[in-house]
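K.L.:
let's see this in three dimensions:
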Amino acid sequence: VSIPKSERYPRGHAYFVEPAPLLRFLQETAGSTDKLDVMLEAKGKDLALFRLMEDLRRLAQDEQGIRIINGASIEVN
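P.N.:
Residues are numbered from 1 along each chain as shown. You can find the predicted model right below:
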């Protein structure tokens, strides 16, 4: 998963990952596979993962069909 740095530089990676497009993709594929491994491509490296998990944790609290399993794993219904 990667988000372009800008429209002008679509091959450059942004510092963080936007949770909404990723969540849409995961919700669309939920049920078609038991497990899906996702790699993040972001300039922020580990910080990007930590921020993404914080965003997903907030969405899980809002009943978005997400269950946090651990610091880097989720379940999507």
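K.L.:
can you point me to the longest helix in this protein?
P.N.:
Counting by DSSP state H, the longest helix found in the chain is helix 46-61.
K.L.:
so where do the helices sit in the chain?
P.N.:
19-29, 46-61.
K.L.:
next, format those as a markdown table and append distance to Ile68.
P.N.:
The C-beta positions use only the backbone N, C-alpha and C, and glycine is treated the same way. Listed next are the helices of the chain as a markdown table, based on distance: least, C-beta to C-beta, whole Å:
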| stretch | distance to Ile68 |
| --- | --- |
| helix 19-29 | 13 |
| helix 46-61 | 5 |
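K.L.:
let me have the ones you listed in JSON lines, adding mean pLDDT as columns.
P.N.:
As requested, these are arranged in JSON lines below (pLDDT from 0 to 100):
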{"stretch": "helix 19-29", "mean pLDDT": "92"}
{"stretch": "helix 46-61", "mean pLDDT": "94"}
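K.L.:
mind checking those for the one nearest to Pro4?
P.N.:
helix 19-29 (11.1 Å; C-beta to C-beta).
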